[in-house]
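A.B. asks: Requesting a structural model of the entry that follows:
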Amino acid sequence: MNSTLFATPSPCSSPARFISNLFRGVLVVGLVCFFCGVMSPVLAENITYRGSSGDLQDMPAYFSGGGKNTLAPAGYTSIINNTIIIDYLSGTDPENVWGGYSSRGNVMNNRVILQNGKVKELRGGYSDNGSVTNNMVSVSGGSVRAWVYGGDSVSGNVTGNAVTISRGTVHYVRGGHSVSGAATNNTVTISGGTMNGVVYGGLSYESNATGNTVTISGGIANDTVYGGRGNRGRVTNNTVSISGGIVRGGVSGGDSRGSVTNNTVSVSGGIVNGTVSGGNSISGTATGNTVTISGGTVYGGVDGGFSMHNSATANTVTLKNASVGRKIVGGVGARKAGAATGNTVTLAGEITFILSTDILGGRDASVSNNTLNLIDFRQMGAGRVGRVSNFDRLHFSGLKADQARAILTAANVNLDNSRTTLLFDGKPGTVRLIEAASLHMVNARIDPVEYGGVRYGFHWDSEGNAVVGNSGVGE
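C.D. replies: Residues are numbered from 1 along each chain as shown. The predicted structure is shown next:
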């Protein structure tokens, strides 16, 4: 670039030349700002909307959304550090409320706060082609007919955006959303209100969704809740935490056509009517996903990981003092081409079975190396356990010698080719482990127990008892 464009004109220069150089400099700066995605100027605005139509504007033609009755910074020139508050009981309802907008630039640190009023869409920040970072939407009243986005982009990355809902009624909720960019570390926090559509912590159609979080402590979600969701990319390390409220649909830590890895769902309170899954994939693998239920009630089933056309590996389900309705499965793989391997189910404390429940290490695939842990387990509730199967390893702890009541009661238990370990509270002895109408134990073994310097051998009998050897030495 010619540095003379920005040089200070000599006092001896003619007025015409001074004006010409000044014009050329402004033109170059303007072009640089345009192609670098910096909308000028970027001065922050604070707007409080009280219902007056005079505060609304048409969206410029270069924005992909278009539309009228839009509430945004004047002229769409400010894209950083804006605050928009909507607080009215009568007046004109905005169609769109966007904290910051840009066609090419990066949009960041804007806030949109809905206290009262009715709007169609809320966006903390939006860019067609730039990144959208650290924007926030808060809903503490009013209603949103369509979407709530913390951050939204067509082709840019969306990172660190947040949606907080404490009251009011909304439809779809997306902490961060991009069509072709990545959705990373976005959050949705719900403590009240009603959500009538799907809730996403982060959503990317063509890239990755990583580290997104949904936290629910109250309110009603009438559809599915996803920590992170993708269409083609990897979905990794997303989280859903539920400590209260009601979710009428299902819950998934991560969901994608591609791989889903290390996603987490925890339920410590509240009610979930649908299935809870650590991670769901259509074509990719489901690996290392986790579901922990330590309170509340899940009326649907629970699975650590699910893959429709691939394998589910090393997923974990842990229930502690919880209530559950349907099947409990460590991992679900493809029926013909996949595998369900290395998955773990742990049942600890009082587990209330509401309906008929199956407990499976894996399902629908080639199953192997799956583990069932029963830790101080007490079977409760009116529902019965139907089938217990597809576990290679079983661990019982908190046992008491000569206990008459079976630890686990089920209709059908298959322990073929399994190994079982026992942990006693005190001296080992014969204990009733399983009561089943149909009990299969071909090549089932129980590992010896060491206690007080003595090695106690055990074997299964046909009634589901772990029988200690008479001599008190290994068998």
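A.B. asks: where does the protein dip in pLDDT?
C.D. replies: For the chain, applying pLDDT under 70 flags the ranges 1-42, 60-67, 75, 470-475.
A.B. asks: where do the helices sit along it?
C.D. replies: 15-35 (DSSP state H).
A.B. asks: For Thr420, give its distance to Ile434.
C.D. replies: Distance of Thr420 to Ile434, computed by C-beta to C-beta, to the nearest Å: 10 Å. Placement of C-beta: from N, CA and C, glycine included.
A.B. asks: Any idea how far apart the tips of stretch 129-143 sit?
C.D. replies: 29 Å (C-alpha to C-alpha, to the nearest Å).
A.B. asks: how far out from the middle of the chain is it?
C.D. replies: Distance of stretch 129-143 from its chain centroid, counting by C-alpha atoms, centre = their mean, to the nearest Å, is 18 Å.
A.B. asks: And stretch 206-221, by the same measure?
C.D. replies: 4 Å.
A.B. asks: cool, and stretch 99-106?
C.D. replies: 27 Å.
A.B. asks: Strands of the stretch 1-150 of the chain, start to end?
C.D. replies: Per DSSP state E, counting those that start in this stretch, the stretch 1-150 of the chain carries strands over the ranges 46-49, 70-71, 83-87, 96-98, 101-102, 107-108, 111-116, 118-119, 121-127, 132-133, 136-144, 147-153.
A.B. asks: Of the ones you listed, which is nearest Gly295?
C.D. replies: strand 136-144 (26.6 Å; C-beta to C-beta).
A.B. asks: Check which helices and strands that closest one sits against.
C.D. replies: strand 111-116, strand 118-119, strand 121-127, strand 147-153, strand 162-170 (3 or more C-beta pairs under 8 Å, 6 or more residues apart in numbering; DSSP states H and E).
A.B. asks: contacting residues for Ser389?
C.D. replies: Asp358, Leu360, Gly361, Asn412, Val413, Asn414 (C-beta atoms under 8 Å, 6 or more residues apart in numbering).
A.B. asks: Just the buried subset of those, please.
C.D. replies: Neighbour counting with 16 or more other C-beta atoms under 10 Å marks Asp358, Leu360, Gly361, Val413, Asn414 as buried within the contacts of Ser389.
A.B. asks: Which two of these have the greatest separation?
C.D. replies: Greatest spacing in the buried ones among the contacts of Ser389, by C-beta to C-beta: Gly361 and Val413 (12.5 Å).
A.B. asks: Next, give phi and psi for Gly197.
C.D. replies: phi -120, psi -170 (degrees, to the nearest 10).
A.B. asks: what sits against it?
C.D. replies: Val170, His171, Tyr172, Val173, Asn222, Asp223.
A.B. asks: Now mean neighbour count and distance to Gly227 too, for the helices and strands packed on strand 136-144, in CSV please.
C.D. replies: What follows is the helices and strands packed on strand 136-144, written out as CSV (neighbours: other C-beta atoms under 10 Å; distance: least, C-beta to C-beta, whole Å):
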stretch, mean neighbour count, distance to Gly227
strand 111-116, 22, 23
strand 118-119, 20, 26
strand 121-127, 30, 19
strand 147-153, 29, 14
strand 162-170, 22, 13
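A.B. asks: who wins for proximity to Leu347 among those?
C.D. replies: strand 162-170 (33.7 Å).
A.B. asks: Mind listing the strands the closest one pairs with, and their directions?
C.D. replies: strand 136-144 (parallel), strand 187-190 (parallel), strand 194-195 (parallel) (DSSP bridges).
A.B. asks: what angle do the first one and strand 111-116 make?
C.D. replies: Spelled out, it's strand 136-144. In terms of direction (axes from the mean of the first three to the mean of the last three C-alpha atoms, to 10 degrees), strand 136-144 departs from strand 111-116 by 30 degrees.
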